[in-house]
Each structure stands twice: as structure tokens, then as C-alpha cells.
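> sequence and predicted model, in that order:
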Amino acid sequence: MSMGMPAESLVAKGATPPWLPREVAEARRFAWYSQILFFVMAGVWILLSVVALTAFVLNGGRGWLSLGLFGLIAMFMCVLSAIFMRKTVIDAIDQGRFNDARSDVVIWIVFGFVAFVLPSLLLILTYAKLSDSIAQQAPAGYMPYAPGTVAVQQPGQYISPPAPVQPQHAAPATAQQAPPPGHPSHSTPMARCKNCNVQYPMFMHSCPNCGAPKQP
């Protein structure tokens with residue numbers, strides 16, 4: 001058994017899930033390229049660090065020492081960014097948590113400047129594609145739940161309403177009048193989370209309150 005961590009647990013799969021919308025699939029592809037660039041730039045930084053520290057040992061000079069130490073720090077930042085970016089962005093996209101992925105991608109845009117800016121450019125495209133997809137999927141006037149602001153209501157005991165009393169000579173109703181436009185039957189179809197009991201729109205792939213994937 002290998003003592004190191006397997007490569008497949010560090011690098012995300014390049015294959016895009018077929019159920020993703022087109023914009024989200026493109027965003028995932030940009031994020032995957034960005035993760036690969038983080039690993040590549042980590043190798044570049046370790047190479048520069050070895051060269052700088054070797055020059056410091058042979059010739060001395062604080063400049064070489066500073067470059068060597070900074071290269072080691074930058075290398076660790078690139079590796080950690082690649083690992084955690086997969087968990088917070090790529091895996092979040094694969095699980096349907098598009099809002100979470102868009103929020104977390106901003107963090108890795110900042111860290112991408114340490115990796116010679118190239119990953120940041122791809123992550124900016126990832127953010128833009130996710131924003132376009134979320135804007136297209138949300139119905140008009142819909143505002144998503146803010147994290148931590150959803151109050152879960154405990155189900156209470158159902159009490160059936162009393163039967164309506166009809167006049168003896170009233171004519172039987174032949175047709176039910178259609179509900180007005182503001183009636184709840186005209187609202188967005190909702191699903192109920194089986195984990196935290198929160199209702200959310202059917203078009204979302206996961207619960208905005210606890211992040212649990214939507215179950216049929």
C-alpha cells in the first residue's frame with residue numbers, strides 16, 4: 001500500500017457530469033484547469049527556490065536567500081490552494097451547490113496571484129459563468145436564502161377545519177372558481193429537504209440551508 005496520498009484524491013476528474021447546465025459545465029472546466037495550473041506553478045516555485053538557495057550557499061547574498069524562502073512559501077500556498085479549491089469549488093459544483101462554489105471561488109482568485117496570476121484569470125471566468133447560470137435558473141423576483149437566516153419550523157399536529165355549513169336551499173356548486181393570481185398555487189414549485197425540513201424551489205439541486213442534495 002502506498003504511503004503517500006493517491007493522486008486521484010488530490011486532482012479532480014476532468015470529466016464533467018452530464019446533468020450540469022452548459023454555463024456551469026464551462027465554469028467547472030475553467031476551475032479544473034485552474035487546479036492543474038496551481039500544481040504546475042507549485043513545481044515552478046520549488047524549482048526557483050532550489051536554484052535560489054543553491055546560489056545563496058555558493059555565492060551568498062540576501063536576495064537569493066529571500067527568493068528561496070519566498071519560493072518555498074509560494075509553493076506550499078499553491079499546493080494547498082489546489083487541494084482545497086477542489087473541495088470547495090469543483091466538488092461543490094458536482095453536488096449542485098452552485099452558490100457555495102461561486103462564493104468560495106473568490107478566495108482562490110486572491111491566492112491565484114501567488115501562482116503568477118494564471119489560475120486567477122481562469123477562476124474569474126469560473127465566477128462569471130456560475131453567476132450567469134444562477135441568474136438564468138432563478139425565477140423572476142426570487143431571492144435565495146442567506147446562510148444562517150432560514151428558521152426551520154417544527155411540524156405541529158394537524159387539526160382538520162370544521163365542515164362548512166351550507167344553507168338548505170343553496171344550489172350545489174358545479175365548478176370551483178379559479179384562484180386569484182396571487183394564490184400560492186401560482187407560486188414556484190417547491191421541494192422539502194429531508195434533512196432539515198426546509199422548503200426550497202424545485203430547480204435547485206441542493207438545500208440552501210444545510211447543503212443536502214435534493215432527493216426524489
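Now that the structure is in, tell me what you want to look at. Numbers count the residues shown, from 1 in each chain.
> show me which positions of the helix or strand where Ala55 lies end up buried.
According to DSSP states H and E, Ala55 maps onto helix 22-59. Neighbour-count burial for helix 22-59, with 16 or more other C-beta atoms under 10 Å as criterion, is recorded at 23-35, 37-42, 45-46, 48-49, 52-53, 55-56. C-betas here are computed from N, CA, C, even on glycine.
> for it, which helices and strands make contact with it?
Judged by 3 or more C-beta pairs under 8 Å, 6 or more residues apart in numbering; DSSP states H and E, helix 22-59 is in contact with helix 62-85, helix 91-94, helix 98-112, helix 118-137.
> any idea which of those helices gets closest to Gln215?
Among the helices and strands packed on helix 22-59, helix 91-94 comes nearest to Gln215, with 16.4 Å by C-beta to C-beta.
> from the chain's centroid, how far away is the helix holding Ala55?
With C-alpha atoms, centre = their mean, to the nearest Å as the basis, helix 22-59 stands 23 Å off its chain's centre.
> Met85 contacts Ser34, correct?
Yes. In this structure Met85 lies within contact range of Ser34 using C-beta atoms under 8 Å: 7.0 Å.
> state the pLDDT value of the spatially most central residue of the chain.
Nearest to the mean C-alpha position of the chain, counting by C-alpha atoms, centre = their mean, stands Ala101 at 2.0 Å. Here, the pLDDT recorded for Ala101 equals 95.
> thanks again, I'm all set now.
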